[in-house]
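[1] sequence plus predicted model, see below.
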Number of protein chains: 2
Amino acid sequence: MTVSVIPIQGIGEVRPGDDLAGLILGVLPTNEVKLQDGDIVVVTHKVVSKAEGAVAAYSGEQEYRRLVEDESAAVIRRRGDLTISITRQGFICANAGVDRSNIQPGQAVLHPRNPDRSAHRIRMLLQQETEARIAVIVTDTFGRVWRKGLTDVAIGLSGMAAIRDYKGTVDTWDRPLAVTEVAVVDEIAAAADLAMGKAEGIPVAIVRGIEWEPADGRATDLVRSSGEDLFR
Amino acid sequence: MTVSVIPIQGIGEVRPGDDLAGLILGVLPTNEVKLQDGDIVVVTHKVVSKAEGAVAAYSGEQEYRRLVEDESAAVIRRRGDLTISITRQGFICANAGVDRSNIQPGQAVLHPRNPDRSAHRIRMLLQQETEARIAVIVTDTFGRVWRKGLTDVAIGLSGMAAIRDYKGTVDTWDRPLAVTEVAVVDEIAAAADLAMGKAEGIPVAIVRGIEWEPADGRATDLVRSSGEDLFR
């Protein structure tokens, strides 16, 4: 089945206290989109954090660095300006997710306090209004250890499993598949970014045409424990 | 613009010496798809390797392990059955990309000898027949250091840049974007996997609706040098 990634335009600047689900519902008609069963609504964390007030003022580089330290559960590497941190949720990323772009000068966007809960709240509100069975993914843009460039990944999730497990599935020769665990929500986050762009400021996309079962998945299911990590 | 990921069905089992571009062109009509300017054709390396004869016979676990060693430019970690290798191209992945599923028992699929060149060859043949200006990405399924589950990434590329650089781009407040380098071909690889599935055996998808400029990019542009790698 063809998978469609539909950008949702017109949301505009989001402010603390805004009802993000309401803002999304409000612009769906001008985007000529109706939520359908099976849709996955992908939202960049930036607008989630702004709506939830997960922003912080800082003045100067030193205060910004302190903000990064405050947001880090642990720092695992430092080189020059770059800090690689573990966030409260256990995600490993640059500067603990503290981001100074696409927000007014002197302010930084933090990760939502609990991105899985944020995704859940948005999903409940969207489902209540539309009666469509959907999933919601909250994304951020992370670097990778061994590959240049950044890709969008899931940091919050509600409604589906984070990982698609092919265990028990066999190939054409009845051999078990070597790939058993696909991080499908990260693939969906990446696909959504293709329709959002970075400069266009489109914070929401709907991914349609993927088969998934309702499940109580969380983005934190993707966190690899330090014991399993061969490279920490 | 809506991005579409269109699975291409009916390619069937690919054998050494097969003309993969010809096979793709042969099934496009039954998929009701015509290649258009701007299409990105995503092909899993497995069918590329099979067509190129980049497969190897082995008998038993020891010979498989030897195959993995042979395919590794270097091994960077071992734990139990798992070997994390650097491939000849510089990609870091499990078992040097030697894969025993979706091929007849006793055989393993290797990476194409030069996946960027494979992508280039497929692109030239497809463009010759269709006169559409396209890009081609060859993919494999890789794990991540800090996140559970696997995602598809680009190991071969022709026709576009691997990385989309937002350097010089400013946000709504005229501040330079913090995210400047997006690994767009990895996001496209991930998106394509959503329409292919792992068990369905769909080795080709067309990604349509992304804006890109023709460029001489290579998937090896994504390789981070060991000097830049904080975690090797």
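    Thanks, I have it. Since this is a predicted model, take the numbers as computed values, not measurements. Residues are numbered from 1 along each chain as shown, chains lettered A, B, ... in the order given.
[2] where in chain A is pLDDT low?
    Chain A contains residues with pLDDT under 70 at A:171-179, A:198-200, A:230-232.
[3] could I have the CA atoms of the longest helix seen in it written out in CSV?
    The single longest helix within chain A, with elements called by DSSP state H, is helix A:115-130. The C-alpha coordinates for helix A:115-130 follow below in CSV (Å, rounded to 0.1, in the frame of the first residue of the first chain):
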residue,chain,number,x,y,z
PRO,A,115,7.0,13.4,25.9
ASP,A,116,5.1,10.0,26.0
ARG,A,117,2.5,11.7,28.2
SER,A,118,2.3,14.7,25.8
ALA,A,119,1.7,12.3,22.9
HIS,A,120,-1.0,10.5,24.9
ARG,A,121,-2.8,13.8,25.7
ILE,A,122,-2.7,15.0,22.1
ARG,A,123,-4.0,11.6,21.0
MET,A,124,-6.9,11.6,23.5
LEU,A,125,-8.0,15.1,22.5
LEU,A,126,-7.8,14.4,18.7
GLN,A,127,-9.6,11.1,19.1
GLN,A,128,-12.3,12.7,21.2
GLU,A,129,-13.1,15.2,18.5
THR,A,130,-12.7,13.0,15.4
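[4] tell me the first helix or strand C-terminal of that helix.
    Per DSSP states H and E, the first helix or strand lying C-terminal to helix A:115-130 is strand A:135-143.
[5] quick check: the most centrally placed residue in chain A vs residue B:133, distance?
    Centroid-nearest residue in chain A: residue A:139, 1.4 Å away (criterion: C-alpha atoms, centre = their mean). Noted for residue A:139: a distance of 30 Å to residue B:133, by C-beta to C-beta, to the nearest Å. Every residue, glycine included, has its C-beta placed from N, CA and C.
[6] got it, and residue A:130?
    As for residue A:130, its distance to residue B:133 is 39 Å (criterion: C-beta to C-beta).
[7] surely residue A:137 and residue A:190 touch.
    No: contact criterion C-beta atoms under 8 Å: residue A:137 and residue A:190 do not qualify, at 10.7 Å.
[8] any common contacting residues for those two?
    Common contact partners of residue A:137 and residue A:190 (C-beta atoms under 8 Å, 6 or more residues apart in numbering or on different chains): none.
[9] domains in chain A, by residue range?
    A:4-52+A:113-222, A:55-110 (automatic domain parsing).
[10] ranges for the strands of chain A?
    A:3-8, A:40-44, A:55-57, A:72-79, A:82-87, A:92-94, A:107-109, A:135-143, A:150-158, A:164-165, A:181-182, A:204-208 (DSSP state E).
[11] name the residues linked to the residue nearest to the centre of chain A by a beta bridge.
    Per DSSP bridges, the residues bridged to residue A:139 are residue A:44, residue A:154.
[12] separation between it and chain B?
    11 Å (C-beta to the nearest C-beta, to the nearest Å).
[13] residue A:228 too?
    According to C-beta to the nearest C-beta, residue A:228 and chain B sit 8 Å apart.
[14] and if you look at residue A:107?
    10 Å.
[15] what of residue A:152?
    7 Å.
[16] tell me what angle the longest helix of chain A forms with strand A:150-158.
    Here the directions of helix A:115-130 and strand A:150-158 differ by 70 degrees (axes from the mean of the first three to the mean of the last three C-alpha atoms, to 10 degrees).
[17] angle of helix A:115-130 against strand A:135-143?
    Inter-element angle recorded for helix A:115-130 and strand A:135-143: 140 degrees (by the same axes, to 10 degrees).
[18] just give me how far helix A:115-130 sits from the chain centre.
    14 Å (C-alpha atoms, centre = their mean, to the nearest Å).
[19] what sits up against it?
    Under the contact criterion C-beta under 8 Å, 6+ apart, helix A:115-130 has outside partners A:19-22, A:24-25, A:34-35, A:41, A:43, A:45, A:48, A:52, A:89, A:112, A:132-138, A:155-159, A:218-220.
[20] mind redoing it with 7 Å?
    Under the contact criterion C-beta atoms under 7 Å, 6 or more residues apart in numbering or on different chains, helix A:115-130 has outside partners A:20-21, A:24-25, A:35, A:41, A:43, A:45, A:48, A:52, A:89, A:112, A:134-138, A:155-159, A:218-220.
[21] among those, which ones are buried?
    Among the contacts of helix A:115-130, those classed as buried by 16 or more other C-beta atoms under 10 Å in any protein chain shown are A:20-21, A:24-25, A:35, A:41, A:43, A:45, A:48, A:52, A:89, A:112, A:134-138, A:155-159, A:218-220.
[22] having no further points to raise, I will conclude here.
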